[in-house]
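Engineer: Fold the following and give me the result.
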Amino acid sequence: MSRKAFSASGAVAVGPYSHAIEAGDLIFLSGQTPVDSQTGKLVEGDIVEQTNQCFKNLFNVLEAAGLTPDNVQKVNVFLTDMNNFTAMNEVYSKQFSVPYPARTTIGVSSLPLGAQVEIEMIARR
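Structural biologist: Residues are numbered from 1 along each chain as shown. Alright, predicted model coming up:
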């Protein structure tokens, strides 16, 4: 069975993976780090700026798949410093409407390119 993949010009892949894959009515979005698609470089700044860039990248992928944030069912957030949880959560809360998607936040020792945050999503058509 072949995979139906989605790519977004407003997102960057830093490895051999698709931005998103469709499986039935589910769309699995690969994790996005805060890389600016215009420069190909990690966004400088604090967790707020980096979290905003992750969502910008992810929402570009959703749009490429013909979806919106309202289609998101599950979100996984990876943080290199759990002390950034509150600031990340402040940005996160503005990305979705109630009822919010299910979510898991995981503390990790490091992320690609030295990012402070990476976010992945599962959406449903």
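
Engineer: Count the residues that sit near residue 80.
Structural biologist: If you count neighbours by other CB atoms under 10 Å, residue 80 ends up with 17. Where you see a C-beta, it was placed from the backbone N, CA and C, and this is true even at glycine.

Engineer: so what's the closest residue to residue 120 other than its chain neighbours up against?
Structural biologist: Excluding the flanking residues, the one nearest residue 120 by CB to CB, 6 or more residues apart in numbering is residue 31, at 4.0 Å. Contact analysis of residue 31 by CB atoms under 8 Å, 6 or more residues apart in numbering lists 76, 78, 118-120.

Engineer: Quick check, pLDDT for residue 31.
Structural biologist: For residue 31, the pLDDT comes out at 96.

Engineer: residues of the host helix or strand of it that come out buried?
Structural biologist: Using DSSP states H and E, the element containing residue 31 is strand 26-32. By neighbour count with 16 or more other CB atoms under 10 Å, strand 26-32 contains the buried residues 27, 29-32.
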